[in-house]
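Engineer: prediction below, plus the sequence it came from.
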Amino acid sequence: MKTQILRLETHDDFISARDKMGWSKTERILLVWPEGSHILFRRLDLILLQRHSSSLGAQLALVCEDSDVRYHANQLGIPVYRTIQSAQKSHWRTRHRRTSPRVYPGISDSPRPDLTTLAQEAHPQPNRLLSQPIMRLAIFTLGVLALLSVAAMLVPRATISLMPDTRIQELTLLVQARPGTDDVNVSGTIPARKVTVEVEGRSSVATSGATTIPQEFAKGQIRFTNLTDRSITIPAQTVVSNPDSPAIRFATSTTAQIPAGVGEAITVTVQALEPGKSENQIADQLVAIEGELGASLLATNPKPTNGGIDRQISVATDNDQEELLQQLTAELRQTAQEELIRKLPTGDVLFTPTITIAQIVEQVYDPPENLPSDEINLNLRVEYQALAASHADLERFAQYALDANIPDMYLALPDTIVIKHITSPVIKNDGIAEWKIQATRRLRARIPESDVVSLSLGLTPLLALDKLASGLPISSEPSIRLTPSWWPLLPILPFQYTITIQQ
């Protein structure tokens, strides 16, 4: 007999399976379930498929491993096979469906029921006790009391406002600011940070040195004697000197004419070429004539030259420069200290003994060394450096110490740390600055809401106020607000409370 094999997919349902069966023109339809799938496993699905197959005039069989499908198919009399080959070779025998015995109304072997008994059971007599008015009133009262009890548990609300206790925490601490330390140590060591500033100044002092300088030129007369038999012209600025080294030189002031003849002489006025007292010469010292005239003439100064004068003036010495440098650096150090204090953030501590010169940026003397002047000026630009302690580092150290000594059940209020310097910093030999500070801050009591609720549950407002005032660290009397206000007792359930902690 011809069989049409229809393979189902994992996504098929009754509708899609029925549509696939609708195209069948054979007497037998074999539905094949996908391996490992769990589709069309309900009894209703198989009943509908069986009915649709019958409407097509075809026998229905299944190839399926699903235990649910096999069970329902067996109950419905649908043949189920393990493989397609075994289904094709087999003769499909339809098993009879298991049916339950039919029950026809009006036909029964049991005896007829007693109608009177059934009527009594349908309408039983009321309980005499419950019909009494007093009992009914008692039951109604119990119901009302039950409702009131539920209302007592759910209706009232309480709002409790508290002002926690506050106190001042105070500690005296020894602080050490150590150079080279990078972070705050709980033992009391904080970093000594380097700060720098550049300042500039000008100052002057009177010079203390003295020296002489040439001022006036020496003058005199030279007598020239002719050694030839001809007349000789002596030009102006003819130079006559002494034989010393270095030579003292004089020059003629005007042009002169010496007569011809050996032994003829003439006197000419001369002036020293360099000023100063050293140019004054004794008689007969100026005998050397420079130039070609020296071979034709003799020269001498019959009288001493005079008029050369030196003047004494003030000059700057090394001591003057050193004194001016020390004076100006001291002034600039004070300026640097004031500038550093101004630049430091509020609360930072400057260790003034550590102010030193980092470098001299510019140092110019006017006039330079050994030049004449009544005073010496100095332009100086210096970079100073010093050590300082940061206020932030002091606050961190103070917070560490205060946190280690905070009382139980108290919390620190933020941004309330105040630092007071008890002693001035002292710089020890190892460069560590040491001093004492006083650190204070405000604390507030920590009040858990659960403690407030546990002290108030089910009490009258007055009694709850007394217990809260004596059992909690508060600074003023608490307040209790009941809703509704006429309710006599506080709620007995924790979620009915609202706790307000005032700041």
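Structural biologist: Thanks, I have it. Numbers count the residues shown, from 1 in each chain.

Engineer: alpha carbons only for contacts and neighbour counts from here, please
Structural biologist: Noted.

Engineer: for the stretch 351-500 of the chain, which spans come out with low pLDDT?
Structural biologist: For the stretch 351-500 of the chain, residues meeting the criterion pLDDT under 70 lie at 369-370.

Engineer: that one: helices as residue ranges?
Structural biologist: For the stretch 351-500 of the chain, helices defined by DSSP state H, counting those that start in this stretch occupy the ranges 391-404, 449-456, 461-471.

Engineer: could you list the buried residues of the second one?
Structural biologist: Of the residues in helix 449-456, those buried by neighbour count under the rule 16 or more other CA atoms under 10 Å are Val452, Val453, Leu455, Ser456.

Engineer: pretty sure the third one contacts Ala469?
Structural biologist: What it means is Leu455. No. Leu455 lies out of contact with Ala469 (CA atoms under 8 Å); the separation is 10.2 Å.

Engineer: quick one: pLDDT of the nearest residue to Gln4 once chain neighbours are set aside?
Structural biologist: Using CA to CA, 6 or more residues apart in numbering and skipping the chain neighbours, the partner closest in space to Gln4 is Ile29 (5.1 Å). What the model reports as pLDDT for Ile29 is 89.

Engineer: for the one 10 residues further on, same thing?
Structural biologist: With respect to pLDDT, Ile39 has a value of 88.

Engineer: thinking it is in contact with Ser16, fair?
Structural biologist: No. If you go by CA under 8 Å, Ile39 and Ser16 don't touch, sitting 11.8 Å apart.

Engineer: neighbour-wise, which of the two wins?
Structural biologist: Taking neighbours as other CA atoms under 10 Å, Ile39 and Ser16 compare with Ile39 leading, 19 against 13.

Engineer: so that one belongs to a strand, correct?
Structural biologist: No. Under DSSP: H, G, I helix; E, B strand; the rest coil, Ile39 sits outside any strand and is assigned coil.

Engineer: state the distance from it to Ile447.
Structural biologist: Taking CA to CA, to the nearest Å as the criterion, Ile39 is separated from Ile447 by 63 Å.

Engineer: show the contacting residues for the residue nearest to Gln4.
Structural biologist: Residues counted as contacts of Ile29 (CA atoms under 8 Å, 6 or more residues apart in numbering) are Thr3, Gln4, Ile5, Leu6, Met21, Ser53, Ala58, Gln59, Leu60, Ala61.

Engineer: if we use 10 Å, what do you get?
Structural biologist: With contact taken as CA atoms under 10 Å, 6 or more residues apart in numbering, Ile29 is in contact with 2-6, 21, 53, 56, 58-62.

Engineer: which strand or helix spans it?
Structural biologist: Using DSSP states H and E, Ile29 sits within strand 28-32.

Engineer: of all the helices of the stretch 351-500 of the chain, which one is nearest Thr346?
Structural biologist: Nearest of the helices of the stretch 351-500 of the chain to Thr346, taken as CA to CA: helix 391-404 at 7.5 Å.

Engineer: name the nearest residue to Leu472, sequence neighbours excluded.
Structural biologist: Ile447 (7.2 Å).

Engineer: scratch that, Trp92 is what I was asking about
Structural biologist: Pro79 (6.6 Å).

Engineer: do Thr305 as well
Structural biologist: Gly220 (4.5 Å).

Engineer: please work out how many residues are found near the one you found.
Structural biologist: 21.

Engineer: now do Ala386: how many residues are near it, please.
Structural biologist: Ala386: 22 surrounding residues under other CA under 10 Å.

Engineer: contacting residues around the residue nearest to it when sequence neighbours are not counted?
Structural biologist: Leaving aside its sequence neighbours, Ala386 sits nearest to Ile355 (CA to CA, 6+ apart; 4.4 Å). By CA under 10 Å, 6+ apart, the residues touching Ile355 are Val195, Thr196, Arg333, Gln334, Ala336, Gln337, Leu340, Tyr384, Gln385, Ala386, Leu387, Ala388.

Engineer: CSV for the residues you listed, including distance to Pro414?
Structural biologist: Below are these laid out as CSV (distance: CA to CA, whole Å):
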residue, distance to Pro414
Val195, 30
Thr196, 33
Arg333, 39
Gln334, 38
Ala336, 36
Gln337, 34
Leu340, 30
Tyr384, 37
Gln385, 35
Ala386, 32
Leu387, 29
Ala388, 26
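
Engineer: tell me the bridge partners for Leu298.
Structural biologist: With DSSP bridges as the criterion, Leu298 is bridged to Thr225.

Engineer: so it sits against Glu290, correct?
Structural biologist: No. Counting by CA atoms under 10 Å, Glu290 is not a contact partner of Leu298; they are 11.3 Å apart.

Engineer: so these two - more neighbours on which side?
Structural biologist: Neighbour totals were compared for Leu298 and Glu290, and Leu298 leads with 18 against 13 (other CA under 10 Å).

Engineer: nearest to Gly263, out of the contacts of Ile29: which one, please.
Structural biologist: Leu6 (167.3 Å).

Engineer: sticking with the closest one, tell me its helix or strand.
Structural biologist: Going by DSSP H and E, Leu6 is in strand 3-7.

Engineer: show me what counts as buried in that strand.
Structural biologist: So for strand 3-7, counting by 16+ other CA under 10 Å, buried means Thr3, Gln4, Ile5, Leu6.

Engineer: go on, stretch 436-453?
Structural biologist: So for stretch 436-453, counting by 16+ other CA under 10 Å, buried means 436-447, 452-453.

Engineer: tell me if I'm right that the residue nearest to Leu472 and Ser475 touch.
Structural biologist: No. Judged on CA under 10 Å, Ile447 makes no contact with Ser475 at a distance of 12.0 Å.

Engineer: which neighbours do those two have in common?
Structural biologist: Contacts common to Ile447 and Ser475, judged by CA under 10 Å, 6+ apart, are Leu162, Met163, Pro164, Asp165.

Engineer: with Ile480 as the reference, measure out to Asp165.
Structural biologist: Relative to Ile480, and taking CA to CA, Asp165 is found at 18 Å.

Engineer: using the three-state scheme, assign Met135.
Structural biologist: Going by three-state DSSP: Met135 is helix.

Engineer: can you tell me how far it sits from Leu147?
Structural biologist: In terms of CA to CA, Met135 sits 18 Å off from Leu147.

Engineer: strand partners of the strand holding Ile29, parallel vs antiparallel please.
Structural biologist: Its sheet considered, strand 28-32 pairs with strand 3-7 (parallel), strand 59-63 (parallel) by DSSP bridges.

Engineer: among those strands, which is nearest Ala251?
Structural biologist: Closest to Ala251 of the strands paired with strand 28-32, according to CA to CA: strand 3-7, at 144.2 Å.

Engineer: neighbouring contacts of the closest one?
Structural biologist: Counting by CA under 10 Å, 6+ apart, 17, 20-21, 23-34, 58-63, 84, 87-88 sit against strand 3-7.

Engineer: with only the CA atoms kept, save stretch 43-57 in PDB.
Structural biologist: Extracted in PDB, the C-alpha atoms of stretch 43-57 (Å, rounded to 0.1, in the frame of the first residue of the first chain):
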ATOM      1  CA  ARG A  43      -2.600  14.400  23.700                       C
ATOM      2  CA  LEU A  44      -4.800  17.100  22.100                       C
ATOM      3  CA  ASP A  45      -2.300  17.600  19.300                       C
ATOM      4  CA  LEU A  46      -2.400  13.800  18.400                       C
ATOM      5  CA  ILE A  47      -6.200  13.700  18.600                       C
ATOM      6  CA  LEU A  48      -6.500  16.600  16.200                       C
ATOM      7  CA  LEU A  49      -4.000  15.000  13.800                       C
ATOM      8  CA  GLN A  50      -5.800  11.700  14.000                       C
ATOM      9  CA  ARG A  51      -9.100  13.300  13.200                       C
ATOM     10  CA  HIS A  52      -7.600  15.300  10.300                       C
ATOM     11  CA  SER A  53      -6.100  12.100   8.900                       C
ATOM     12  CA  SER A  54      -9.500  10.300   9.200                       C
ATOM     13  CA  SER A  55     -11.200  13.200   7.400                       C
ATOM     14  CA  LEU A  56      -8.700  12.700   4.500                       C
ATOM     15  CA  GLY A  57      -9.500   8.900   4.400                       C
END
